[in-house]
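Trainee: Please work out how this folds:
(chains A, B, C and D)
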Amino acid sequence: MAKIDELKEEARKLLQEGKVKYIIGYTTGTDGWSAVPAFIRTAEEVDRIVWDPTCVHNLTKFLVDEKRRKSRSRKPDTRPVGLFVKGCDSRAVVVLLQEKFINRGDVYLLGVSCEKAGVIDDRKLAQKLKGKKPMKVELGDNGRIVISTPEGTLEVPAEELLADRCLECRANFPVVFDVLAGDKVKRAVEKPYGSLEKIEKLTAEERFKFWKEQLDKCIRCYACRSVCPMCYCDECVVDSVNLSVTADTSAEEKAQRIKWLQRSAESSENFVYHFVRAIHLGGRCIDCGECERACPLDIPLRFLNKKLEKEASELFGYEAGFDAELPALIACFRDEDPQDFIR
Amino acid sequence: MDKILTKKALARWGKKLRDSRVFFPRLSADGRWDYVEAAAADELTLDVRQTAVPPKKILFPQREVLAEFSETVEGTAKTLELKEALPEDGSVVIFGVRPCEGRAAWLLDKVFGGEFTDPYYWKRRDQTTLVGLACGTPPSENCFCTSVEGSPHSEEGLDILLTDLGDRYFVRALTEKGERLVSAARDLFQNPKPEDKKKVQAVHEESAGKIKRQLKEARVISEKLTGLFDSPLWDDEAMSCIRCGVCTYLCPSCHCFDINDEIESASPLQGKRVRTWDTCQFPDFTMHSSGHNPRPDKASRLRQRLYHKFRYFVEVYDKFMCVGCGRCITLCPVGIDIISVLDKVKSHGS
Amino acid sequence: MAEEFEPRIVAFLCKWCSSAGCDLAGVSRMEYPPNVVPIQVMCSGSVSPLYIFSAFNKGADGVLVSGCHPGDCHYIKGNYYARRRLNLVKKLLEYVGLEPERFQMSWVSAAEGTKYTQIIKDFVKELKPLGPQTKLRRDR
Amino acid sequence: MKRTGVFVCHCGINIAGTVDVKKVAKELAGHPGVAHAEDYVYMCSDPGQNLIIQAIKDKKLDNVVVACCSPNLHETTFRNAAKRAGLNSFRCEIANIREQCSWVHKDMGRATQKATRITKSVVERVSRNDSLEPLSVPVTRRAMVVGGGIAGIQASLDLANSGYEVILVERNPSIGGHMIQLSETFPTLDCSQCILTPKMVEVSKHPKIKLMTYSEVQDVSGYVGNFKVKILKKPTYVDPVKCNLCDECTKVCPIVVPNEFDIGLTGRRAIYIPFPQAIPASYTLDDRACPDPFTTIACGKCADVCKVKAIDFDQKPEIIEEEVGAIIVATGFDLYDKENMAEYGYGKYPDVLDGLQFERLCSASGPTQGKVLRPSDHKEPKEVVFIQCSGSRDPENHCAYCSKVCCMYTAKHAMLYKHHVHDGQAYIFYIDIRSGGKGYEEFVQRAVEEDGVVYLRGKVSKIFEDKGKVIVWGVDTLTGKSVEIAADMVVLAQAMRPSQGAQELAKKLKVALDKDGFLAEAHPKLRPVESVTSGMFLAGAAQAPKDIPEAVAQASGAAAKAVTILSQERLFHSPTVARVIKNLCTGCAMCVAVCPYDALTLKDGQVEVNEVLCEGCGTCTATCLRSAIQVKNLTQQQIALMIDASLGG
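Mentor: Residues are numbered from 1 along each chain as shown, chains lettered A, B, ... in the order given. Predicted coordinates for the structure are as follows:
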């Protein structure tokens, strides 16, 4: 990870020469050890930038705000935004390009290869530390993660702390970037969808029980969609405030807009919400795992999106976020698409 | 009324209360702490880490049916019947409530009380007994109750405060409700000895010292806010905000709600009027039907959250609407830290 | 007395093939159980996954989407998009534990009144043993 | 709140027989937004319509729902009624409670409940309808006819004589179809070629007909009134203008292949003219037969002997693009291949012919100049067995349907045979005799009485060769005796099938096919010459087996239908097209990708709809992740309400 310094140099140059508006990267949060998003505007600030296995966030999300700001300002600053991207994040950028949400020129991509590691799952870390407070989490040599705590440092094999999605990642280095730190080492994943097996092997009734328990927890804080870079709609269809509201829509019609689901965080409504999110992410989710990480109630949302990712690849040979020129999964078809389920 | 309860007896106390619904914090299958209703077999356990969802969910549930309506049709004549739906009767006991959570209830009392009282809230509140547990060690890294006029052993809002004395609890009944709960199992309790009281004193003083995080001069900040409404500070601080509802939904003192009619049948008209949690952090919270939104961006929404907690509420009730539980810090997906934001407010311009 | 359970089914029929096929079944006076309320859409390609989720949420015991046979779509290729999109929906619903029988899709041409009749008969027959769909239904 | 009126039709007992229409009306009266609900015995009758019009005026209705038969039947009727009452016609919708309810159920209670739900859902839909005005588009006032058989010829002539340009596309080198192969026609026994050739000539000379033979339709795009067609013109390698029909080329051509015109009874050269009266009168070099006209491998003898230098090896396939307003499909039929007939020897016996081969055998222009001789040894057959329903009316093994013309042409065949071979004996095996048609029954009687044709009622179980004879085993179901005939020749009345390649063409044209592969008409009774795709019409045996007079009649019908479009200055296009909700569209352009009509384009980050191209299919709606594109009067909001209504109440 030493190469990160090259990126910081690049970042400093970009800011000095005014090539970018600002840079979205990571810095250490107020807890003193875990990374949080940072918005670096001056060369001096560049020193705040950090790169370690706690850099979980998919910063691509902030391009959505950037676009909003741009559209609102009268004479927008058209310079690109510098953006730190991991492999998964870069695939999010590809999807945003594919959906013409951004232009390639809008971003200057500072790519970081996860090489053989990735980012950690703070829940796994907490379990390892058994109450000890971490002070720093770094990637050591030979794929071990080094955690320093007041009680001393401990080294753990990366696999034990890495987020599940990193363990199943097939793009552990950026697919698109302007500069790259680290090497393009492909990690071999023998079971890209292994984590799904334990659910898939259940009976229908067991699966329903599992998902009901999980989704009953949902309080609809919408952290999952708020943190998701693919959820860039100004307004989510499950909220549907403006839908079909035109100049001649009566107040009454506004009041009776479509309610695909109720606001109440009840089982049935939560199911609809998460169905809609899952299906809308079909062929778009790039498995950055942010939804699952952001969920304050630990709902394993990744299992929903991963399932559709699997189906898309197995049924239609489609993989999201590798080629911005391809049509979207649901905007194309093949004559030989399976139809065994159709009468 | 002060009593002593041995830890062994705690479980039996719980059993004695079978005529009420008993809640206490438990570790769920997926490793989260949560206030859940005790089943007959369950052993009461206390002193745990902070739950993600505060006990607010019991006093002020995320979904509250306010009324049910149903229409009857005779030919073309229609009559609409509306019937209020108060929470069902039945006493509730919540064990292991943290002093900050108790204080939060005390703040909600002010909001839902006063000139206009909220029957739904109060019915639940009145039939619920809060058994608090003083924090020996802070349940969260981000506790800062002492900075917002609370303490790890504050009593506001609680009916009983337990203090852990190692092998036993020091039980202080603070309200009639609390005393009733104790007398319901009189034989389990002993009277405290003088040294017990000293020990309690010690524990309390010590625990306050264990709180690491601090928000200095909260009152000063509160004053300072008045001048900063239009400050660019909010834009900077909100840069990483993703406009989710975590900080507010999981805040023990946030209490904003939305009211909707849930139509179940269009003809004949049938449905419920329900109150659900809402949050100032959602874009549509202030969305007008005209499409205009007075709080159009996340900066204005972050500002609103802080102003409500540290300015508007202070103006009305002379209290902070923050009890320093630190949930919004711990659970924010992007690490926005209310303490550091407020510190910036304080240092702003000076 | 306990009545026999009668499943409530919503059927999205494309105007040109399946709805016409459904009409033909009528013209030919074929008989099938009245459990299905047809909703005519222009093309199976216009059936949004939201419709299916919503129908189950509102208490449907079964949902049918029927369109033209591949290659016969009045709108050339709408049914191909439907086939892909709704395959994903089906997989998702089954993944969360909904009985596979509850969501079905069929190709019914304007000439296939008999096929439509048979599909409805089978659908109802398959749903009856399952009983009411409560998993996704909003409790009313 | 919009005021909706609901009108429930009894349709005599068609609906009222199984649906309690009064109850439906009563239920609907209580539905929110319904200001008026009533039932009437025949809503489509004048009094019925007046009742609607009155109610609209008296009750100040904004919307109308008529619960009756399929919208395909009376939607227009009631929308016009609503219009007469001053409503926008798009504020009227139909609830189909007949075809999709009363006709398919018996249980009155449940049928009534279903009818109520259907009607309520349509009430919900109409309550969100917009008032719309039809869009209008100019019409390309020319037509294309596909297929140059008698049907295509007739349709082309009728259109041309009504003053419209016609492009007649025929894939073979000459027009004429199967009719030109026939010897005589029933029931008049007049010569088929004699009555067809004048029409063929008229086609070739008609100033308004552009004849494109040896050509195939490759692609059709656009919509009624404005189709764009791509036609592939295959090279004939012969310049018809220069060619003087001297026939020298065929004399020198070394290659012989089976002659399609004589269904393989004779051979032809690689360069050939299909038949003497071919239109256009010109030769064609069949590049599938000739080794390779493009290279020196080709012997080039034909070119050498051609004095007028009409042969041009450099001709290339051409794609010709045409714009037309209407299309008539008359692709005709083929005979069901003898090789499918296991019981009749898979067509491997030379003296077992099919109907068309026998026609050629009898034809003056045929391989035997009209003498009936067996192909095997050119002897005159003394006993001939004709077998009807060969491949027809046999759902288990062959075609389920009746090919309709076989009874008649078999009778004709037997007669013609007797006229050629006076001392011969003709037997006909039949299941039934279907001789419906002017003079048809008399014709069959004549065969029996005048020509002593022996009709045996029964099916032939087996045919095999034995000592130069064709042995026929069958059963006479009237006498119940099994019959064995040692015949000299057997003629199979093979079933009629849609012509080979019709299916692919139908796909290109977006014309539906029925279960047997014939072109499907829009309505079996009321729209027999229209396809479901507006602007496309059907004629001749491509739609179903039929005889010449029927084919001609249908062709004229199709032509007349096409004129109803071509005679318009402008056509009206449904305004129920897609609309973009700007504040939701993020310009991801997924809808642009899925639109089958290229009606959507991305412009400055947002999608725009070309309303003339949009057919309102709504595929865009289902694709859009933000519901930012909706089809007018069938929005997701409307569907959501319909779902609710169809489950509740």
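Trainee: rest of the way, CA atoms for contacts and neighbours
Mentor: Will do.
Trainee: so where's the chain shaky on pLDDT?
Mentor: Chain wasn't specified; assuming chain A. Chain A contains residues with pLDDT under 70 at A:1-2, A:240-257.
Trainee: not quite, I wanted chain D
Mentor: D:292-297, D:649.
Trainee: Secondary structure element holding the spatially most central residue of chain C?
Mentor: Centroid-nearest residue in chain C, with Cα atoms, centre = their mean: C:L64, separated by 0.9 Å. Assigned by DSSP states H and E, C:L64 belongs to strand C:62-67.
Trainee: Provide the strand pairings for that strand, with the direction of each partner.
Mentor: Strand C:62-67 sits in its sheet next to strand C:9-14 (parallel), strand C:103-107 (parallel), going by DSSP bridges.
Trainee: what's the neighbour count on residue 26?
Mentor: Reading this off chain A. 25 (other Cα atoms under 10 Å in any protein chain shown).
Trainee: Correction: the question concerned chain D.
Mentor: Neighbours of D:K26 (other Cα under 10 Å): 18.
Trainee: Contact partners for A:C332?
Mentor: C:Y81, D:A593, D:V594 (Cα atoms under 8 Å, 6 or more residues apart in numbering or on different chains).
Trainee: roughly how far apart are the first one and chain B?
Mentor: Looking back up the chat, that one is C:Y81. As defined by Cα to the nearest Cα, to the nearest Å, C:Y81 lies at a distance of 33 Å from chain B.
Trainee: helix, strand or coil for the closest residue to that residue other than its chain neighbours?
Mentor: Nearest residue to C:Y81, sequence neighbours excluded (Cα to Cα, 6 or more residues apart in numbering or on different chains): C:G45, at 5.7 Å. Three-state assignment for C:G45 (DSSP: H, G, I helix; E, B strand; the rest coil): helix.
Trainee: how many neighbours does residue 123 have?
Mentor: The chain I'm using is chain A. As a burial measure, A:R123 scores 14 neighbours (other Cα under 10 Å).
Trainee: meant chain D actually
Mentor: With other Cα under 10 Å as criterion, D:V123 counts 33.
Trainee: Name all residues that make contact with it.
Mentor: D:T4, D:V6, D:V34, D:V65.
Trainee: so who does residue 321 touch?
Mentor: Here I'm looking at chain A. Here A:G321 is in contact with A:S90, A:R91, A:A92, A:V93, A:V94, A:V95, A:R284, A:I286 (criterion: Cα under 8 Å, 6+ apart).
Trainee: The chain in question should be chain D.
Mentor: Applying Cα under 8 Å, 6+ apart, the residues contacting D:E321 are D:K228, D:V229, D:K230, D:I231.
Trainee: next helix or strand past the host helix or strand of it?
Mentor: Using DSSP H and E, D:E321 maps to strand D:318-324. Using DSSP H and E, the helix or strand that directly follows strand D:318-324 along the chain is strand D:326-329.
Trainee: Other residues contacting that next one?
Mentor: For strand D:326-329, the external contacting residues (Cα under 8 Å, 6+ apart) are D:142-147, D:152, D:155, D:224-227, D:535-539, D:542, D:558-559, D:562, D:565-566.
Trainee: So in that sheet, which strands flank the helix or strand that that strand is followed by, and in what orientation?
Mentor: Per DSSP H and E, the first helix or strand lying C-terminal to strand D:326-329 is strand D:333-335. Strand pairing for strand D:333-335, determined by DSSP bridges: strand D:496-498 (antiparallel).
Trainee: Is chain A within reach of the following helix or strand past the partner strand?
Mentor: Using DSSP H and E, the next helix or strand after strand D:496-498 towards the C-terminus is helix D:502-509. No - using Cα under 8 Å from any Cα of the partner chain, helix D:502-509 never reaches chain A; the gap is at least 14.1 Å.
Trainee: in helix D:502-509, what's buried?
Mentor: Neighbour counts using 16 or more other Cα atoms under 10 Å in any protein chain shown place D:A502, D:Q503, D:L505, D:A506, D:K507, D:K508, D:L509 of helix D:502-509 among the buried residues.
Trainee: Repeat that for stretch D:182-195.
Mentor: Buried residues in stretch D:182-195 (16+ other Cα under 10 Å): D:L182, D:S183, D:E184, D:T185, D:F186, D:P187, D:C191, D:S192, D:Q193.
Trainee: List phi and psi for the third one.
Mentor: In terms of degrees, to the nearest 10, the main-chain angles of D:E184 are phi -120, psi 170.
Trainee: was I right about it contacting D:S192?
Mentor: Yes - when contacts are counted by Cα atoms under 8 Å, D:E184 is listed as touching D:S192 (5.1 Å).
Trainee: now, among the contacts of D:V123, which is nearest to chain B?
Mentor: Distance to chain B across the contacts of D:V123 (Cα to the nearest Cα) is lowest for D:V34, with 9.5 Å.
Trainee: Among the buried residues of stretch D:182-195, give me the pair with the biggest separation.
Mentor: Using Cα to Cα, the two most remote members of those are D:P187 and D:Q193, lying 15.4 Å apart.
Trainee: how many other residues sit next to the closest residue in space to C:D72 that isn't next to it in sequence?
Mentor: Nearest residue to C:D72 in three dimensions, chain neighbours excluded: D:A512, at 6.3 Å (Cα to Cα, 6+ apart). By the criterion of other Cα under 10 Å, D:A512 has 29 neighbours.
Trainee: D:S531 is in contact with D:A512, correct?
Mentor: Yes - using Cα under 8 Å, D:A512 is in contact with D:S531, at 7.3 Å.
Trainee: Give me the common contacts of these two.
Mentor: With Cα under 8 Å, 6+ apart, D:A512 and D:S531 have common neighbours D:L519, D:A520.
Trainee: and stretch A:195-214, C-alpha only, in CSV?
Mentor: Extracted C-alpha coordinates of stretch A:195-214, given in CSV (Å, rounded to 0.1, in the frame of the first residue of the first chain):
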residue,chain,number,x,y,z
SER,A,195,-22.2,-16.8,0.5
LEU,A,196,-25.6,-17.3,-1.0
GLU,A,197,-25.5,-21.1,-0.7
LYS,A,198,-26.5,-21.2,2.9
ILE,A,199,-29.8,-19.4,2.0
GLU,A,200,-30.4,-21.0,-1.3
LYS,A,201,-30.2,-24.5,0.2
LEU,A,202,-33.0,-23.7,2.6
THR,A,203,-36.6,-24.7,1.9
ALA,A,204,-39.0,-22.1,0.7
GLU,A,205,-40.6,-21.9,4.2
GLU,A,206,-37.2,-21.5,5.8
ARG,A,207,-36.1,-18.9,3.4
PHE,A,208,-39.3,-16.9,4.1
LYS,A,209,-38.8,-17.2,7.8
PHE,A,210,-35.2,-16.0,7.4
TRP,A,211,-36.2,-13.0,5.3
LYS,A,212,-39.2,-12.1,7.4
GLU,A,213,-37.0,-12.0,10.5
GLN,A,214,-34.5,-9.9,8.7
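Trainee: Just the pLDDT for the closest residue to A:F208 other than its chain neighbours.
Mentor: Spatial nearest neighbour of A:F208, excluding adjacent residues (Cα to Cα, 6+ apart): C:G97 at 4.2 Å. Confidence at C:G97, expressed as pLDDT, is 96.
Trainee: I'd guessed C:G97 sits against A:A204; true?
Mentor: Yes - assessed by Cα under 8 Å, C:G97 is found in contact with A:A204 at 4.2 Å.
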